[in-house]
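Asks: I would like the atomic coordinates for the input below:
(one chain, ligands or ions: 1)
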Amino acid sequence: MRLTPLRVALLGLGSVGSEVARLLVSRRDELAARIGVPVELAGIAVRRPRPETHGLDPALFTLDPARLVARGDIDVVVELIGGIEPAKSLLTSGMEAGASVVTANKALIATDGAELHEIAHKHGVDLAYEAAVAGAVPLLRPLRESLAGDRVHRVAGIVNGTTNYILDRMTTSGGTFRTALAEAQRLGYAEADPTADVEGHDAAAKVAILARLAFGTRVSLDDVHCEGISAVTPADIAHAADENAVIKLLGVAERTDAGVSARVLPALVPADHPLAAVRGAYNGIFVEAEAAGELMFHGQGAGGAPTASAVLGDLVAVCRNRVAGTTEHHQPPAADLRLIPMDEVGARHCLSMLVTNRPGVLSEVAAAFGAHGVSLVTIRQDVLGAEATLTVTTETATDAAIGAVVKDLRSLESVRGLNRGIRIFGAGRGR
Ligand code: NAP
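Replies: Below you'll find the model as predicted:
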């Protein structure tokens, strides 16, 4: 039984890193009691010299992270730098030197997670990254451990707080995407360059990780179909309200008999669905499993302190393993389930169009849907003099079928304008 303190190398002292350092110091006794031995900070790697040490011993600071992780007496490397390099090389050399690693780096795990797992396995160390998906919300551990005996069919929800804040503000204030984004930036919910959030890339990285964990199959970032929210207009938000729904940016990882699909896209969420109640910058994730049924996880998906909570949770887990002389964070060998192309993915759709207000138009429009085997659920017509707006919702149809319907509608003389359409999020598989 080990009695000497466990030594932690911290890489990065930004929003999350500084909170982790603070908690490691201020909760020293509590952590020692939970782990069985004390945990001490052995070094803190930063990019440039800084006057602010957050009350930490200045002697711990180094500008040479590569040397810190490779020095051989480190038990756990906590990587909170972000990005692919040098984070990947640092984690790799840390594991090669015998350290377990904890990271919050979704981009790295989504891109190189499989390779890093292999390195961890080879060196008999842990690789933990609960904070990489949904910040403080415990999601990966329940998927990996609590649901290990079940069969997960779908993981779907709001995994990016920035876009949820923007869409929520557009819904409550009636403002444009630009106004809501500017407000999110002012409040610190969005970065100066918001591309990764608003174009769905951040959510796509999380969906790739979730799909891999939930279904035990290879899913890379490139396999995730990705649509962002920058084209969502106040008119789209108003249409959603007419349908008694709200627009949310959803990440969906789904397994059907046909294979696995992974996607990020704006969708209509019925107002009475629990995901519609996820407000502001919060995250909310629905997990549907065969025996467990529906589970919902809700909480703060970002921010220094909430993310540090998840990092510390991982740190305690890998430290306990270290004390016990075991490891736990290995995925079983990945399967190669078929990746379903987006064209084949089924969903209910909502389309609205501006049409000439004359007899027979409704049947022309309905015929375009019928020609591609798409059944209609509702049709609403709002007459505006010589023109009318038609809003149509469909039964479940593939993207390919809806694309063909849209092409036909555009060729109709009576259809004057057509919005790009939006999927409707529904209960149950394949919806
Ligand atoms: P951050 O505030 O930008 O902090 C990153 C820190 O790493 C900065 O202090 C930076 O130093 C330092 N750094 C960068 N390159 C370095 C290098 N080569 N060597 C040593 N230090 C280096 O980022 P963060 O928000 O804390 O995010 C850290 C990680 O957590 C990222 O992977 C992120 O995706 C993940 N995460 C963050 C959140 C969140 O809410 N913030 C939520 C979930 C996950 P300088 O200050 O000198 O640039």
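
Asks: from here on, contacts and neighbour counts on C-alpha atoms
Replies: OK.

Asks: helix or strand: which one has D202?
Replies: Assessed by DSSP states H and E, D202 sits inside helix 201-215.

Asks: does anything pack onto that helix? Which helices or strands?
Replies: On a contact count with 3 or more C-alpha pairs under 8 Å, 6 or more residues apart in numbering; DSSP states H and E, helix 201-215 meets helix 106-123, strand 152-158, helix 195-198, strand 225-226, strand 245-256, strand 259-270.

Asks: list the buried ones in it?
Replies: Buried residues in helix 201-215, defined by neighbour count with 16 or more other C-alpha atoms under 10 Å: 201-215.

Asks: other residues contacting the lengthiest helix in the chain?
Replies: Longest helix in the chain, counting residues (DSSP state H): helix 304-324. Residues outside helix 304-324 that contact it (C-alpha atoms under 8 Å, 6 or more residues apart in numbering) are 1-2, 6, 15-20, 31, 34-37, 75-76, 100, 102-104, 126, 128-131, 135-138, 300-301, 327-328.

Asks: ok, A240 - contacts?
Replies: V246, I247, L268.

Asks: in stretch 89-108, what counts as buried?
Replies: 90-108.

Asks: average model confidence for it?
Replies: Stretch 89-108 carries an average pLDDT of 98.

Asks: low pLDDT regions in the stretch 1-150 of the chain?
Replies: 1-2 (pLDDT under 70).

Asks: could you pull out the helices in it for me?
Replies: 15-26, 28-35, 65-69, 87-96, 106-123, 140-141 (DSSP state H, counting those that start in this stretch).

Asks: any idea which of the ones you listed gets closest to the ligand?
Replies: Taking C-alpha to the nearest ligand atom, helix 15-26 is the member of the helices of the stretch 1-150 of the chain nearest to the ligand, at 3.8 Å.

Asks: distance of G14 relative to A45?
Replies: 11 Å (C-alpha to C-alpha, to the nearest Å).

Asks: interface residues of the stretch 301-431 of the chain facing the ligand?
Replies: A302, G303, G304, T307 (C-alpha under 6 Å from any ligand atom).

Asks: what does the stretch 1-150 of the chain give?
Replies: Residues of the stretch 1-150 of the chain lying near the ligand (C-alpha under 6 Å from any ligand atom): 11-17, 45-48, 65, 80-82, 86, 104-106, 131-132, 135.

Asks: one more time with 8 Å
Replies: Counting by C-alpha under 8 Å from any ligand atom, the residues of the stretch 1-150 of the chain close to the ligand are 11-18, 45-49, 63-65, 79-83, 85-87, 103-108, 131-135.

Asks: just the buried subset of these, please.
Replies: 11-13, 16-18, 45-46, 65, 79-82, 87, 103-108, 131-135.

Asks: ok, back up a step: for the contacts of A240, which one is nearest I424?
Replies: Nearest to I424 out of these is L268 (C-alpha to C-alpha; 4.6 Å).

Asks: list the contacts for that closest one?
Replies: Contacts of L268 by C-alpha under 8 Å, 6+ apart are A240, A245, V246, I247, K248, I422, R423, I424, F425.

Asks: may I ask which of the residues you listed has the most neighbours?
Replies: Highest neighbour count within the contacts of L268: I247, with 30 neighbours (other C-alpha atoms under 10 Å).

Asks: run through the bridge partners of the nearest residue to T62 once chain neighbours are set aside.
Replies: Leaving aside its chain neighbours, T62 sits nearest to A45 (4.9 Å; criterion: C-alpha to C-alpha, 6 or more residues apart in numbering). A45 has the following beta-bridge partners by DSSP bridges: L11, T62.

Asks: these two touch, right, A45 and P58?
Replies: No: applying C-alpha atoms under 8 Å, one finds A45 not in contact with P58, separated by 11.3 Å.

Asks: how near is the most far-flung residue of the chain relative to its centre to the ligand?
Replies: In terms of distance from the mean C-alpha position of the chain, P359 ranks first, at 46.8 Å (C-alpha atoms, centre = their mean). Per C-alpha to the nearest ligand atom, to the nearest Å, P359 is found 55 Å from the ligand.

Asks: ok so, going back, how about the longest helix of the chain, which residues are buried there?
Replies: Within helix 304-324, the residues that qualify as buried are 304-323, counting by 16+ other C-alpha under 10 Å.

Asks: I'd like to know how many residues surround the nearest residue to D336 once chain neighbours are set aside.
Replies: Closest residue to D336 apart from its sequence neighbours, by C-alpha to C-alpha, 6+ apart: T217 at 5.5 Å. Applying other C-alpha under 10 Å, we find 19 residues neighbouring T217.

Asks: now do the domain split for the protein, please.
Replies: 6-135+305-324, 140-300, 343-424 (automatic domain parsing).

Asks: can I get these in a markdown table including distance to A334?
Replies: Listed next are the domains of the chain as a markdown table, based on distance: least, C-alpha to C-alpha, whole Å:
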| stretch | distance to A334 |
| --- | --- |
| domain 6-135+305-324 | 8 |
| domain 140-300 | 5 |
| domain 343-424 | 23 |
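
Asks: please name whichever of those domains is nearest to A335.
Replies: Minimum separation from A335 across these (C-alpha to C-alpha) falls at domain 140-300, 4.5 Å.

Asks: pull the distance from that closest one to the chain's centre.
Replies: 7 Å (C-alpha atoms, centre = their mean, to the nearest Å).
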